[in-house]
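3D model of this:
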Amino acid sequence: MDRIKIIADSTCDLDASLIQDADLQILPLTITVADQSYLDGEEITVSEIYSMMRKDIMPKTAQIPYGRIYHLFKSCFENGDDFIYIAFSSKMSGCFSLACMVAKELSGEYPERKFAVIDSRGGSSATGLIVLQALRMVRDGLPFDTVKSEIEFMAGHVEHVFSVDDMKWLVKGGRVSKIVGQVGSILDIRPILDVENGLIAVKQLVRGQKRAMKAVADRIIQQAEKFPRQLIAISHADDMPAAERLEGLIRERLPECKTTLCHIGAVLGVHIGLKGIGAYCFNCKPANYRFV
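The predicted model follows:
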């Protein structure tokens with residue numbers, strides 16, 4: 001049987017212990033600080049990025065270097081591996097379109113190989129949940145077309161719910177207007193955010209951290225109610241205590257679920273800011289779901 005490689009990029013957030021024995025390939029996006037560019041997760045860590053942000057330094061982000069995608073895809077083809085790349089939302093980055101171009105460019109040389117580049121339509125631990133399921137399907141020997149179809153289904157049925165502690169980072173990143181950000185900061189307004197059609201959308205405004213956390217918990221519980229026995233991911237931008245409180249709220253009302261906690265990666269952390277927190281789940285059960 002042909003081997004299937006699962007590829008993600010550095011916007012995919014997941015507890016490393018869940019994938020420590022898996023053959024997952026990660027493509028790094030680029031982070032620029034003071035005109036110096038770094039490969040995310042390889043040349044700069046999320047802790048270093050958070051440290052800069054605490055000093056009010058605003059890094060910039062860019063897509064994966066062409067050469068990294070080209071060399072990884074070419075090595076898969078040369079090694080006789082089929083591959084599936086689960087990409088960061090095409091509406092928020094050029095990674096998906098660049099990968100499609102590279103794969104098409106190379107595929108003519110290796111017509112016997114199967115490959116797919118799939119738009120996750122989101123990022124962070126939502127993509128992490130999809131990647132985890134893909135790795136487990138490959139581990140269990142499911143055929144390429146089944147794995148591909150399931151990933152596409154999951155991308156259409158994964159939910160993102162998150163909030164931020166300070167809207168100034170969304171303002172700096174152009175996600176909300178300056179006026180909205182200023183008013184929000186003065187009144188301690190927290191936006192409850194979602195991802196719709198691949199873009200961040202403001203779903204609700206609440207006042208104070210306690211109400212924001214409850215709103216995130218309420219929304220993710222509602223989304224998971226038809227599929228309660230699943231792994232729900234919680235991610236945070238330098239605020240583990242808040243993540244643990246959110247975990248408690250979710251597990252109290254969804255006792256059949258399991259949870260996993262991790263940091264929001266550097267690229268997404270730059271855009272949502274310090275103290276951001278999110279929860280992610282599937283809104284219905286994928287056909288080949290592997291419960292953790």
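
Extract the C-alpha set from the one helix or strand Ile151 maps to and format it as CSV.
Using DSSP states H and E, Ile151 sits within helix 144-156. Output of helix 144-156 as CSV, limited to C-alpha atoms (Å, rounded to 0.1, in the frame of the first residue of the first chain):
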residue,chain,number,x,y,z
PHE,A,144,-6.3,8.0,0.1
ASP,A,145,-9.7,9.0,-1.3
THR,A,146,-11.4,8.2,1.9
VAL,A,147,-8.9,10.3,4.0
LYS,A,148,-9.2,13.2,1.5
SER,A,149,-13.0,13.1,1.5
GLU,A,150,-13.1,13.0,5.3
ILE,A,151,-10.7,16.0,5.6
GLU,A,152,-12.9,18.0,3.3
PHE,A,153,-16.0,17.1,5.3
MET,A,154,-14.3,18.1,8.6
ALA,A,155,-13.1,21.4,7.1
GLY,A,156,-16.8,22.2,6.5
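
contacts for it?
2, 4, 82, 84, 86, 114, 116, 118-122, 129-130, 133-134, 137-138, 142, 282, 286-288 (CB atoms under 8 Å, 6 or more residues apart in numbering). Every C-beta, even on glycine, is put in place using the N, C-alpha and C of the backbone.

run the last query once more with 10 Å
Contacts with helix 144-156, where a contact means CB atoms under 10 Å, 6 or more residues apart in numbering, come from 1-2, 4, 6, 82-84, 86-87, 89, 114-116, 118-122, 126-127, 129-131, 133-138, 140, 142-143, 198, 282-284, 286-289.

what residue ranges in this structure score low on pLDDT?
1, 167-187 (pLDDT under 70).

how about the helices in it?
46-54, 66-78, 95-107, 124-139, 144-156, 168-172, 178-187, 209-224, 240-253, 266-272 (DSSP state H).

the inter-axis angle of the fifth one versus helix 124-139?
Translated: helix 144-156. If you take axes from the mean of the first three to the mean of the last three CA atoms, to 10 degrees, helix 144-156 sits at 160 degrees to helix 124-139.

Next, the buried residues of helix 144-156.
For helix 144-156, burial by neighbour count (16 or more other CB atoms under 10 Å) applies to 144, 147-155.

And for the first one?
With burial defined by 16+ other CB under 10 Å, the residues of helix 46-54 counted as buried are 46, 49-50, 52-53.

Closest one to Pro65 out of these, please.
Ile49 (18.3 Å; CB to CB).

All good on my end, thank you.
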